[in-house]
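**Student:** Following is a predicted model, sequence given first.
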Amino acid sequence: MLSADELERYARHIVLREIGGQGQAALRSAKVLVIGAGGLGAPVLMYLAAAGIGTLGVVDDDHVSLSNLQRQIIHATPDIGARKVDSAAAKIHALNPHVTFVGHDARLRPSNAMELIAAYDLVLDGSDNFATRYLVSDACYLAKKPLVSAALGTFDGSLTTLRPHEKNAAGGLNPTYRCLFPDAPPPGMVPSCQEAGVMGALAGVLGSMMALEAIREITGFGEGLVGRLLMIDARAMRFETLRYARDPDNPLNGDAPTIMDLSGHC
């Protein structure tokens, strides 16, 4: 049961018919892992902590730098030089002491991905490179964990939810990340945010939407983004959604799968 303090803290959730006490209890029982405490991970962590996620983990081996503060709102000027997991832990504890925070001061690698992901119910990928996105998506499929995956560009972003280990209403398997993006772009084709820049407020918008999708996944309200890619164009202030389906040739849950473990990742 929720305590008196929790009932007051989450009152605006609990009065929502789609959430209620049962939904809030589900949030408290949930274990969510966030990949990265950067531009996307920062607002994700803040909003999930505010929402009352019971256990909130983050994987990040970086330290806070001055250039992070334009968009990574969980960190502040006094945190420069600190480990991001430590900075995030302090902010989350100050925001909501009911949340159990677990900071994994490490880089996600093939050698630790399965062990890290196995301890959580839901994974949110806010990484900034294709190698990590493919690693996270493959690991989540093998571990049978749902994944909310987002990517941030200079003035654009995208968001989708992946449950390729499950079947859809028609009885077919859901698509994988590799159905949407079969191959990563060649090295150097997509510039990093350090090279191209990024709009800080857009990171806040997309990160908040990741948190919203995670809350929806846990509580079950509305229609999620499985098989749908949400795209944001901040220049035109336009949101579009396209549907995508399972590719029978994809190497994860295709007709002749070839990826059985993470040994193919460097």
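**Tutor:** It's in.

**Student:** Name the residues that touch the helix or strand of the chain with the lowest mean pLDDT?
**Tutor:** One helix or strand of the chain scores below all others by mean pLDDT, DSSP states H and E: helix 193-196, with a mean of 72. Here helix 193-196 makes contact (CB atoms under 8 Å, 6 or more residues apart in numbering) with 39, 67, 128, 152-154. Any C-beta I mention is one placed from the backbone N, CA and C, and that applies to glycine too.

**Student:** which residues of the stretch 151-266 of the chain score low on pLDDT?
**Tutor:** Along the stretch 151-266 of the chain, the parts satisfying pLDDT under 70 run over 188-193.

**Student:** in it, which spans are strands?
**Tutor:** For the stretch 151-266 of the chain, the strands defined by DSSP state E, counting those that start in this stretch cover 156-162, 228-233, 238-243.

**Student:** out of the ones you listed, deepest packed?
**Tutor:** Sort those by mean neighbour count, taking mean count of other CB atoms under 10 Å, and strand 156-162 sits at the top with a mean of 23.

**Student:** Which of the residues in stretch 243-262 are classified as buried?
**Tutor:** Neighbour-count burial for stretch 243-262, with 16 or more other CB atoms under 10 Å as criterion, is recorded at 246-247, 250-254, 259, 262.

**Student:** and which of the residues you listed is nearest Val44?
**Tutor:** Proximity of the buried residues of stretch 243-262 to Val44 (CB to CB) peaks at Leu262, which lies at 23.9 Å.

**Student:** ok, the closest residue in space to the closest one that isn't next to it in sequence to Ile35 distance?
**Tutor:** Spatial nearest neighbour of Leu262, chain neighbours left out: Pro110 (4.0 Å); criterion: CB to CB, 6 or more residues apart in numbering. Per CB to CB, to the nearest Å, Pro110 is found 14 Å from Ile35.

**Student:** hang on, isn't Val64 packed against Ile80?
**Tutor:** Yes - using CB atoms under 8 Å, Val64 makes contact with Ile80 at a distance of 5.3 Å.

**Student:** Return the backbone torsion pair for Asp61.
**Tutor:** phi -110, psi 10 (degrees, to the nearest 10).

**Student:** residues in contact with it?
**Tutor:** Counting by CB under 8 Å, 6+ apart, Asp61 touches 105-107.

**Student:** quick one: the helices in the stretch 151-266 of the chain?
**Tutor:** Applying DSSP state H, counting those that start in this stretch to the stretch 151-266 of the chain gives helices spanning 177-180, 193-196, 200-219.

**Student:** which outside residues touch the last one?
**Tutor:** With contact meaning CB under 8 Å, 6+ apart, helix 200-219 is reached by 18-19, 23, 26-27, 30, 32, 39-44, 47-48, 51, 53, 70-73, 121-122, 124, 126, 146, 148, 150, 152, 155-157, 159, 161, 222, 224-225, 230, 232, 234.

**Student:** Between Pro110 and Ile35, tell me which one has more neighbours.
**Tutor:** Higher neighbour count among Pro110 and Ile35: Ile35, with 29 against 15, using other CB atoms under 10 Å.

**Student:** Nearest residue to that one in space, please, no chain neighbours.
**Tutor:** Asp125 (4.6 Å).

**Student:** My guess is the one you found contacts Leu147. True?
**Tutor:** Yes - here Asp125 reaches Leu147: they are 6.3 Å apart, a contact under CB under 8 Å.

**Student:** Would you check how far apart the residue positioned nearest the centre of the chain and Met237 are?
**Tutor:** Centroid-nearest residue in the chain, with CA atoms, centre = their mean: Leu124, separated by 1.9 Å. As judged by CB to CB, Leu124 and Met237 stand 25 Å apart.

**Student:** circling back: could you dump the strands of the stretch 151-266 of the chain to JSON lines with distance to Pro182?
**Tutor:** Listed next are the strands of the stretch 151-266 of the chain as JSON lines, based on distance: least, CB to CB, whole Å:
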{"stretch": "strand 156-162", "distance to Pro182": "14"}
{"stretch": "strand 228-233", "distance to Pro182": "14"}
{"stretch": "strand 238-243", "distance to Pro182": "16"}
